[in-house]
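> when you get a sec, could you give me coordinates for this:
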Amino acid sequence: MMSLQRTRAGVRLLTGQRSRTNCISSFAYNKSSASARLVSWSLFLIHALFWLALCHRKGLVFCITNPPVTHWVGLLLRLVRGERYIVFVWDLYPDILIQRGYLRHDSIALRVWRWVDTLAYTRASRIITISSQMADRIQLHHPLVSPKLRVIPTWVDTTIVSPISKCDNQFLIRNSIHEKVTLVFSGNLADPSILCGLIESIGVLRLRTSISLSILGSGFDCLKPIVGRWNLDSRVRFYQRQSDHVYLHALASADISVVPLPPDSVACMMPSKLYYSMAVGSAILAITTPESDLSSTVHRFACGESFLPSNVSGLSDFLLRCHDDSAFLNRMKENARLSAVRHFDVRNVIPNLLRTCAGSG
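Numbering: from 1, shown residues only. Take a look at the predicted model:
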């Protein structure tokens, strides 16, 4: 297994044989800018390639696309040493870079990237991705890989990520959050304005309800003017990145977890935050298109609702019902937790993943 994971000390190169996983210290993962990410990815790939070439016994290599071209290392090992590899597509690049304006549709760099991806995917033993729409997009660009493509969702350990009662929740207690209904968003967004409609809906209801929104992460200064315009400084609160322990309490403080997915990204990613939010027993407010896999998952398990970012009326009606009808809200919260345990717990998903890998030929 090969992927880049962030830790307090930097990142780890994860490698594994059968049931044993080795963690090898690697270069620091710098997310401060696009160029910093590119440098981090490049250093990691060089390190991974050298480690696999010099220290790794020949065997099946599991390439997780973080960094987004980790599977190119698998391709090199296949061409040079004849090693088999599996590609686990976490986020779909270069499509994300095109949407964010870093690559043009007619650029030479994009053509080269697609060409190398085609080589890497066609020579992989198996390709696994985390949503049906991502699988469809992969097939669109690389039609020949369809027989080896599988969809397996991301997973969560529901024994660790679990509900915490409000009276025991340290995040609520330390930050004196007492509103009847609490909403939480945690993470990073390329375009934070996707939350503007939600903030406006809270503003519309501010005199009739007791609702708060906690936003955890950085890069949300652009939202503060709309918060001020609706006089929501005491209702919409901004927090920096939290420690792992506090983060779990922050996540579990949500009656409703906000899970946005921009309409132009529905075929490129599937937020794993959805499953963590379900595991802590939060109802889900998905801000995305109705055709997205995120929206269909929320409706399939009856654990929340989804709205377009601009649907202030729909968002307001949903929040008002959650505020006034506790049975409605509690039913969604119970469905979320139960569905996470039954369908997305690590003990259910990983055996399926291992069977898929074992059957890759």
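> so for the residue nearest to the spatial centre of the chain, what's the pLDDT?
Against the mean C-alpha coordinate of the chain, by Cα atoms, centre = their mean, the closest residue is P271 at 2.9 Å. pLDDT for P271: 95.
> doesn't D293 make contact with it?
No - assessed by Cβ atoms under 8 Å, P271 is found out of contact with D293, at 10.1 Å. No exception for glycine: its C-beta is placed from N, CA and C like everyone else's.
> for V246, what are its contacts?
170-171 (Cβ atoms under 8 Å, 6 or more residues apart in numbering).
> now the helix or strand containing it: buried residues?
Using DSSP states H and E, V246 maps to helix 244-252. Using 16 or more other Cβ atoms under 10 Å as the test for burial, helix 244-252 gives 248-252.
> do stretch 94-102 as well
94-99.
> break the chain down into its domains, please.
Here the chain is described, according to automatic domain parsing, as comprising the domains 4-155+346-358, 166-343.
> which of those domains is buried the deepest?
Of these, the one with the most neighbours on average (mean count of other Cβ atoms under 10 Å) is domain 166-343, at a mean of 19.
> centre of the chain to that one, how far?
15 Å (Cα atoms, centre = their mean, to the nearest Å).
> all helices for the stretch 51-200 of the chain, in order.
For the stretch 51-200 of the chain, the helices defined by DSSP state H, counting those that start in this stretch cover 70-81, 95-99, 108-123, 132-141, 170-174, 196-204.
> no, scratch that, I was asking about the stretch 251-361 of the chain
Using DSSP H, counting those that start in this stretch, helices in the stretch 251-361 of the chain cover 273-279, 293-300, 312-324, 326-343, 346-358.
> tell me the angle the second one makes with helix 132-141.
Here helix 293-300 points in a direction 150 degrees away from that of helix 132-141 (axes from the mean of the first three to the mean of the last three Cα atoms, to 10 degrees).
> residues touching helix 293-300, excluding its own?
131-134, 259, 261, 266, 270-271, 274, 284, 286, 288-289, 304-306.
> so which of these sit within strands?
259, 284, 286, 304-306 (DSSP state E).
> which one of those is nearest S42?
Distance to S42, by Cβ to Cβ, is smallest for V259 among these, at 31.0 Å.
> quick one: pLDDT of that closest one?
98.
> contacts only, for it.
So V259 contacts 185, 271, 273-274, 277, 284-288, 294 (Cβ under 8 Å, 6+ apart).
> same check on I287?
I287 touches 194-195, 197-198, 258-261, 306-309, counting by Cβ under 8 Å, 6+ apart.
> how about low-confidence regions in the chain?
Low-confidence segments of the chain, defined by pLDDT under 70: 1-24, 32, 56-57, 361.
> ok, back up a step: in a markdown table: the helices of the stretch 51-200 of the chain, plus distance to C357.
Formatted as a markdown table, these follow (distance: least, Cβ to Cβ, whole Å):
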| stretch | distance to C357 |
| --- | --- |
| helix 70-81 | 13 |
| helix 95-99 | 25 |
| helix 108-123 | 16 |
| helix 132-141 | 17 |
| helix 170-174 | 38 |
| helix 196-204 | 39 |
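> between the buried residues of helix 244-252, which is closest to Y239?
A250 (7.5 Å).
> nearest residue to the closest one other than its sequence neighbours?
Once flanking residues are discounted, A250 sits nearest to F171: 4.3 Å by Cβ to Cβ, 6 or more residues apart in numbering.
> thank you, goodbye.
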